[in-house]
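# quick one: sequence and predicted model below, then my questions.
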Amino acid sequence: MSASYLKFLISGILINRFDNLDYNFFEIIACEILFTFFLISTILLFSVSKKTKGNYIYGFLIALTVFISILAVGNISGAVLNPAVAIGPLLISNFIEGQDIIGNLFYYLLGPVLGSYFATKVYCFF
């Protein structure tokens with residue numbers, strides 16, 4: 001199983017390069033901030049809040065938010081929404097292809113961190 005995964009990984013089937021050539025820096029950062037804000041707000045309001053205790057639909061709402069995010073900004077920024085999801089594939093693509101990861105890493109560290117910061121600040125008002 002591991003060998004077949006590594007074969008697909010090296011051949012480029014599992015990791016596709018995403019160079020962000022069609023969009024500028026601010027568009028990519030805005031997409032990551034906005035949709036990370038939506039995701040974290042959904043998590044905080046429907047699964048963490050004491051007002052929605054006993055709500056069993058929060059898993060569906062979180063999955064729906066991720067699904068809509070992927071459809072809306074998947075072709076613009078990749079809809080990472082989580083820095084941990086971006087760091088692993090970027091490091092692997094750096095080792096395999098020698099791709100410069102600093103530019104892409106900045107998008108996926110700054111956007112989700114700012115989006116989650118804004119979501120927690122908004123959550124404090126509820």
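That came through, no problem.

# ok, the residue nearest to residue 40 when sequence neighbours are not counted - contacts?
Sequence neighbours aside, residue 119 is the residue nearest to residue 40 in space, at 3.7 Å (criterion: Cβ to Cβ, 6 or more residues apart in numbering). Any C-beta I mention is one placed from the backbone N, CA and C, and that applies to glycine too. Residues in contact with residue 119, defined by Cβ atoms under 8 Å, 6 or more residues apart in numbering, are 36, 37, 39, 40, 41, 44.

# at 6 Å what do you get?
Residues in contact with residue 119, defined by Cβ atoms under 6 Å, 6 or more residues apart in numbering, are 37, 40, 41.

# quick one: which of these is nearest residue 107?
Comparing the contacts of residue 119 against residue 107 with Cβ to Cβ picks out residue 37 as the nearest, at 15.5 Å.

# ok, now how distant is the residue nearest to that closest one when sequence neighbours are not counted from residue 56?
Leaving out its chain neighbours, the residue that sits closest to residue 37 by Cβ to Cβ, 6+ apart is residue 115, at 4.3 Å. Relative to residue 56, residue 115 is positioned 26 Å away (criterion: Cβ to Cβ, to the nearest Å).
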